[in-house]
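Colleague: Here is a sequence together with a model predicted from it:
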Amino acid sequence: MFELLQYEFIRNAILAVLLASIACGIIGVYVVVKRIVFISGGIAHASFGGVGLGYFLGVNPIWGIIPFSILSALVMGLVSKRSRIPEDTAIGILWALGVSLGIVFIGLSPGYAPDLFSYLFGNILTVTSVDLIIMLILDLVIIMVVFLFYKEFLALSFDDEFATVVGVPTIKLYFLLLCLIALTIVVLMKVVGIIMIIALLTIPAAISKQYTSNLKKMIFISILLSAIFGLGGLWLSYQLNLASGATIVIVSGIGFILSWFGKQGRILQV
Amino acid sequence: MIKYKKYLILIIIIAVFLFAGVTLKKANPGLISKEEKIGVVVSILPLAEFVEQVGKDKVEVTVIVPPGADPHLFELTPVQLKKISQAQLYVEVGSGLNFELTWMDKIKLIYKDMLICNSSIGITLVDKDPHIWLSPRNAKTMVENISEALIKIDPSSQKYFKKNSIEYINKLDLLDQEIKARLEGVKNRRFISYHPSWGYLAKEYDLIQIAIEDEGKEPSAASLTHIIDQARAFNISIILVSPQYNIKSAEVVAKEVGARIIKADPLSMDYINNLRKLVEEIITVRRNIIGDEKIKIMNQENKNNKNQEKITQEVINLQNVWLVYNNINVLEDINLAIYQHEFLGIIGPNGGGKTTLLKVILGLIQPTKGEVNILGMNPKEGRKYIGYVPQYCLFDREFPISVWEVVLTGRLGQRKCGKAYSKEDKQKAEQALDMVGMIESKGKQIGKLSGGQQQRVFIARALVTEPKILLLDEPLASIDTPLQAEFYELLERLKEKMAIVLVTHDLSAVSIYVNKIACLNRRLFYHQSKEIRVEDLEATYHCPVDLIAHGIPTGYSENINHTKVCITLYELKSVRKI
């Protein structure tokens, strides 16, 4: 197995998995405890418009994805908080709108869209060192913001109404959290692809929630689980010659089912 | 026989001692050795001061009426009679103090050899008012009388006593001048005194005393109204009370006319400083009141601040508040004023807008029409003074957060975003947890607690900001009935510090602890009282309501199908039948 490490693309893939684990471990926990899985899925899909924009402008799609995902996060937040449209309706609309914009952009851009599928389904083997640097920077931003606003995010997730009354700028913080989700999506996109990002945002956090009642511990456990699932999936996909993103998601899913049965079995025994 | 002997010896020994004691005492009177002090007994503390100032180390003074006792009602004790028997001089006020009137004749009869000094000689009584010592000028005469009496007993110390008395009289002169100077320019020279003890002081310095007490009795309603009228007419701002008396009626007058109470002790031992302090206090209180009045005038002039005066009492004010949601009226024309230290229960059916009303008060929902005022501010600013305990069922039981973390979130608004919790935050959180009795569960996950315990934690979270208002949304939903009394006792304690608003759909939850009750079903029925009118209840619950007397349902109860209206015996007491 170690002989694989001599290949740069494998080393990059491993690094990408580790960097992605950090982002999804931290933000996934907030997505799960604040119950904003659906809105995260919406942001992820809508940011496909950014992929299209990148192709259309002829730049590395990641430069299209970053602003587009942040924009869709803010619009999503604004519409769901400030308008009378029910939140899930608004998410559904923006979700599809973003994807369709992406398709139209790609259609408008001349020539082929060579690694389009890698954005949709993820292809960890094509991660470039530029991607890695961007992922690293985004990770640092996420870590720093969460470190600063840990208590505020906790209060916001637990009872945002009360936090508002107490004087916490909950709306601003909520938007900030949505932006962090957007950045996390950028980081995860190469690993599992837009369509399956939700899996990495929820599964590790959902498993760790079963084992601890402390948010910090939950973050560390879910980072660890993400890394295990990511590396395990990567290894399995290499051994079985399967798509890496999908394999990682399947491994994560199996992990969740096992842990759930384990927990359930223990409860039944008691 | 041996036993008998023992007793005999004992009796002899006792007899010898007794005899010795008597003979020793007999040997004494009249003779004063140089080291021995003159035993002086005085009626009241100020006299003791005078005697001590004149006699200094040559006298030993005993006071009959101890500090804090009422000289009108005081009775001599056997120990004091013994003290008197050992003294050579008794200094009485001599102006007709009740206590002296009852006891002096007897004392004079029992102790014929004792010199009695009437300190009031040379002072003319005004209206038979016995409190002669309370004017410095009278005090001077009294000091002279005392000095003469002391000289009579110990002529050898004449010079000493004279010198001391002149010294003290000079001090009294100084005090006199000082008071005159301090009171110069004070325009309103009237004051109220609970007990009419300051007549001589008033006369001396052109002040006018109005007494509340009626010849030693609590004032009647008629005389109270008379005093209040007078106080209003002359704009009297000061009421003096002595610490010896029950001052309830003084408080009534003070509240009625907006005057301040000053504690003034006519029997203080430290005579000079006591008077000086009193005059000083009268002047500062007057100055403050004048200052307050200026502020009041300024406020009245300032139209924007027309509610300023109300701020002190009114904590929440809603005026004509309407909330329309998709053309449906959720709240209709709500008018509500809640005052400090009130405990208001708002009842109404589910969906009647109770939670919505709370959210409007908190500024979480913007009303379609009308105005909301929290301590004179708009809700978004004012809500930092509100402790909010939201409806219980709203959070995820599995949420990874500990009791401690939950309570600390209450402090988040106290700092800049992103800053760590300070020591003070942690202290306040600990105090709040302690107050609700949950400090031991600090480290537990919130979901692992029982409903009642969680509710306590949420109250603690609301309390850490030391709010002026506490809003509780259906707080009893999660608490078993037996524990509800305990919960209300907690609220009862909190009521001392803040206004409380409790919202519930369950009529039986509103208990004796609530001061006032309002009914809400889109419209608010509130009469600033604890009465529920049957018509209000019917309007609120949209069905005929029959008050179930002693828990026995009658007539209408079949019609109560939509809403369960149950009224326990508690509420029956406060329901007015029509």
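Modeller: Cool, the structure landed. Residues are numbered from 1 along each chain as shown, chains lettered A, B, ... in the order given.

Colleague: hey, where'd the helices end up in the stretch 251-400 of chain B?
Modeller: B:271-301, B:308-311, B:354-361, B:379-382 (DSSP state H, counting those that start in this stretch).

Colleague: Which of the ones you listed has the lowest mean pLDDT?
Modeller: The weakest mean pLDDT among the helices of the stretch 251-400 of chain B belongs to helix B:308-311, with a mean of 39.

Colleague: Would you mind naming what in chain A lies close to chain B?
Modeller: Applying Cβ under 8 Å from any Cβ of the partner chain, one finds that chain A approaches chain B through A:33, A:35, A:148-149, A:151-152, A:154-155, A:157-159, A:161-169, A:173, A:209, A:212-215, A:217-218. Just so you know, the C-beta spots here come from the backbone N, C-alpha and C atoms, and that holds for glycine as well.

Colleague: What subset of those is buried?
Modeller: A:33, A:149, A:151-152, A:154-155, A:157-159, A:162-169, A:173, A:209, A:212-213, A:215, A:218 (16 or more other Cβ atoms under 10 Å in any protein chain shown).

Colleague: Leaving out the residues flanking it, which one is nearest to B:Ile210?
Modeller: B:Ile192 (4.8 Å; Cβ to Cβ, 6 or more residues apart in numbering or on different chains).

Colleague: And the residue of chain B closest to chain A?
Modeller: Closest to chain A within chain B is B:Gly413: 2.6 Å, counting by Cβ to the nearest Cβ.

Colleague: what number of residues lie near that residue?
Modeller: By the criterion of other Cβ atoms under 10 Å in any protein chain shown, B:Gly413 has 18 neighbours.

Colleague: Pull out the buried positions in the helix or strand bottoming out on mean pLDDT in chain A.
Modeller: Lowest mean confidence among the helices and strands of chain A (mean pLDDT, DSSP states H and E): helix A:116-121, at a mean of 82. Of all the residues in helix A:116-121, those buried under the rule 16+ other Cβ under 10 Å are A:Leu116, A:Ser118, A:Tyr119, A:Leu120, A:Phe121.

Colleague: re earlier: which ones among the buried ones among the residues of chain A next to chain B map onto helices?
Modeller: The helices, defined by DSSP state H, take in A:33, A:151-152, A:154-155, A:157-158, A:162-166, A:173, A:209, A:215, A:218 from these.

Colleague: quick one: contacts for the residue of the stretch 151-270 of chain A found nearest chain B?
Modeller: Closest contact between the stretch 151-270 of chain A and chain B, by Cβ to the nearest Cβ, is at A:Gly167 (2.6 Å). The neighbours of A:Gly167, taking Cβ atoms under 8 Å, 6 or more residues apart in numbering or on different chains as the test, are B:Arg383, B:Lys384, B:Leu412, B:Gly413, B:Gln414.

Colleague: dump the residue contacts of the second one.
Modeller: In other words, B:Lys384. A:Val166, A:Gly167, B:Gly413, B:Thr465.

Colleague: how about 6 Å then?
Modeller: By Cβ atoms under 6 Å, 6 or more residues apart in numbering or on different chains, the contact set of B:Lys384 is A:Gly167, B:Gly413.

Colleague: just checking, B:Ile116 is part of a strand?
Modeller: Yes - judged by DSSP: H, G, I helix; E, B strand; the rest coil, B:Ile116 forms part of a strand.

Colleague: circling back to that earlier point, name the nearest residue to the residue of chain B closest to chain A, ignoring sequence neighbours.
Modeller: Closest residue to B:Gly413 apart from its sequence neighbours, by Cβ to Cβ, 6+ apart: A:Gly167 at 2.6 Å.

Colleague: mind checking how far A:Ile22 is from A:Ser244?
Modeller: Going from A:Ile22 to A:Ser244 by Cβ to Cβ, to the nearest Å gives 19 Å.

Colleague: out of the two, which sits in the more crowded spot?
Modeller: Taking neighbours as other Cβ under 10 Å, A:Ile22 and A:Ser244 compare with A:Ser244 leading, 28 against 22.

Colleague: is it true that that one touches A:Val127?
Modeller: No - counting by Cβ atoms under 6 Å, A:Ser244 sits too far from A:Val127 to count as a contact (10.2 Å).

Colleague: that older thread, what's the closest of the ones in helices among the buried ones among the residues of chain A next to chain B to A:Leu236?
Modeller: Nearest to A:Leu236 out of those is A:Lys209 (Cβ to Cβ; 25.2 Å).

Colleague: wait, is B:Val91 part of a strand?
Modeller: Yes - applying three-state DSSP, one finds B:Val91 inside a strand.

Colleague: That one contacts B:Leu47, doesn't it?
Modeller: Yes - B:Val91 is in contact with B:Leu47 according to Cβ under 6 Å; the separation is 5.3 Å.

Colleague: All good on my end, thank you.
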